[in-house]
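# show me how the following folds:
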Amino acid sequence: MKKIYSKVLVSAFVAACSFFGAQAEEVVVLQENFNKLEVLTEAGIHKYGKNPWTKTDAEGVEYQPNYTNIQADGNVADLNGWSSRTSYLYACQGFVRISKTNNGGDLISPKFASLTEATDVKLSWQGIGYSSVFNFNADGSYKSGGTHDYQYYGVTVLGAGEIEGAAKTTKVNYFDAEGKALVVDAAVVEIPSDCFITGDTLQAWGFEGTKNELTIKGATAETQVVFLSLIPKVKTTDYTTAEFPIATDAPHKVNKGANRVIFDNIKVSYNAISSAITDVTAAEEVKARKVIENGQIYIISGDKKYNMMGAEVK
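Now for the predicted structure:
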């Protein structure tokens with residue numbers, strides 16, 4: 001009942017704002033497409049490899065440093081404030097990958113520094129599942145490869161805020177900035193079988209199933225979002241459980257001991273209300289307020305009363 005009542009009040013607020021000339025404007029707290037990883041070397045080729053696999057790409061680049069190497073090489077600025085506590089975060093050309101074959105990884109956002117108070121924000125992003133590299137026969141027919149990783153990963157927050165909108169949640173063994181054990185509540189995201197790397201391209205970026213959205217309730221300037229393997233930095237031979245089973249419609253087969261995921265186009269935002277009522281109140285000194293009478297919501301403006309449809313109530 002409490003949630004329904006809250007939704008009614010929110011709807012009433014939006015309707016009232018609309019009636020008085022208010023508009024909802026998107027405020028972007030954080031937006032990342034990892035374009036700093038598109039940098040070129042002095043020789044005019046990309047610094048980071050284009051492939052999600054650790055093999056030479058068409059430009060002859062195979063540099064896919066993990067977070068430890070990125071720090072050692074002095075390239076932290078290329079990640080634009082994103083980091084890792086596992087070190088199993090890999091920089092590629094215009095996107096990042098977490099985890100390696102037998103180790104789970106993580107991707108930690110910068111803090112939501114622009115927030116000045118607790119705010120409900122929308123988190124959206126794209127996540128692509130990892131498949132082994134495809135190999136073809138001389139005639140172009142399929143030879144091998146395309147085995148895809150375990151199809152679930154987690155999303156959690158550090159600092160203030162709780163995630164809402166997840167179909168499933170689970171406890172994940174993680175750790176804090178000092179390396180001490182930490183158990184977090186994570187939203188579980190399932191990657192559709194058609195949203196894994198295909199062939200030798202990342203054409204999956206165009207697939208609708210890679211797009212995800214959640215709400216973080218009560219985020220503050222200290223909040224960070226984390227994308228992580230369901231078992232970060234713990235070697236395992238099998239991630240599957242009765243609750244999170246292996247996909248039965250995988251195009252080839254599933255590597256149930258690996259949990260590599262590719263991320264891009266991450267955004268955190270919220271809707272702010274900007275009202276045009278100030279001009280009215282300044283000119284006519286009319287004050288508006290919301291009241292509830294007999295369970296009905298009304299707007300009082302001056303000596304007149306209006307319902308939530310904008311009609312005057314006599």
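# which residues touch the residue lying closest to residue 105 once chain neighbours are set aside?
Spatial nearest neighbour of residue 105, chain neighbours left out: residue 88 (3.0 Å); criterion: C-beta to C-beta, 6 or more residues apart in numbering. All C-beta spots, glycine's among them, are computed from the backbone N, C-alpha and C. Residue 88 is in contact with 66-67, 98-100, 103-106, 229, 232-233, counting by C-beta atoms under 8 Å, 6 or more residues apart in numbering.
# at 10 Å instead, please
Residues near residue 88 by C-beta atoms under 10 Å, 6 or more residues apart in numbering: 66-68, 97-100, 103-107, 228-229, 232-233, 259-260.
# likewise for residue 77?
Residues counted as contacts of residue 77 (C-beta under 10 Å, 6+ apart) are 36, 70.
# got it, and the one 3 residues further on?
Residue 80 is in contact with 30, 32-37, 109-110, counting by C-beta under 10 Å, 6+ apart.
# again, only using 6 Å
Contacts for residue 80 were tallied using C-beta atoms under 6 Å, 6 or more residues apart in numbering; they are residue 36.
# got it, and residue 154?
172, 186, 228, 230.
# and for the nearest residue in space to residue 130 that is not next to it in sequence, the neighbour number?
In space, and not counting its chain neighbours, residue 130 is closest to residue 260: 3.6 Å by C-beta to C-beta, 6+ apart. Using other C-beta atoms under 10 Å, residue 260 is surrounded by 28 other residues.
# returning to that earlier point: scan the contacts of residue 154 and report the most crowded one.
So for the contacts of residue 154 (other C-beta under 10 Å), the most neighbours sit at residue 228, 28 neighbours.
# before we move on, which element is the closest residue to residue 159 other than its chain neighbours in?
Distance criterion C-beta to C-beta, 6+ apart; nearest residue to residue 159, sequence neighbours excluded, is residue 222 at 4.0 Å. Per DSSP states H and E, residue 222 falls between elements, in no helix or strand.
# what helix or strand does residue 226 sit in?
Using DSSP H and E, residue 226 sits within strand 224-228.
# identify the neighbouring strands of that strand in the sheet and state each direction.
Strand 224-228 pairs in its sheet with strand 106-108 (antiparallel), strand 152-158 (antiparallel), by DSSP bridges.
# contacting residues around the residue most central in space within the chain?
The centroid of the chain falls nearest to residue 125 when counting by C-alpha atoms, centre = their mean (4.0 Å). Going by C-beta under 6 Å, 6+ apart, residue 125 touches 212, 266.
# circling back to that earlier point, ChimeraX command for the buried members of the contacts of residue 88?
With 16 or more other C-beta atoms under 10 Å as the burial test, the buried ones among these are selected in ChimeraX as follows:
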select :66,67,97,98,99,100,103,104,105,106,107,228,229,232,233,259,260
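# inside helices: which ones of the contacts of residue 88?
67-68 (DSSP state H).
# which residues of the stretch 51-200 of the chain score low on pLDDT?
200 (pLDDT under 70).
# where exactly do the strands run in it?
For the stretch 51-200 of the chain, applying DSSP state E, counting those that start in this stretch gives strands covering 89-92, 95-98, 106-108, 119-129, 135-136, 142-144, 148-149, 152-158, 162-164, 168-175, 181-190.
# present the ones you listed as CSV; the columns should include distance to residue 56.
Formatted as CSV, those follow (distance: least, C-beta to C-beta, whole Å):
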stretch, distance to residue 56
strand 89-92, 13
strand 95-98, 16
strand 106-108, 25
strand 119-129, 21
strand 135-136, 15
strand 142-144, 19
strand 148-149, 22
strand 152-158, 27
strand 162-164, 39
strand 168-175, 34
strand 181-190, 31
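# between the strand holding residue 226 and strand 181-190, how many degrees?
If you take axes from the mean of the first three to the mean of the last three C-alpha atoms, to 10 degrees, strand 224-228 sits at 70 degrees to strand 181-190.
# between strand 224-228 and strand 119-129, how many degrees?
Going by the same axes, to 10 degrees, strand 224-228 makes 20 degrees with strand 119-129.
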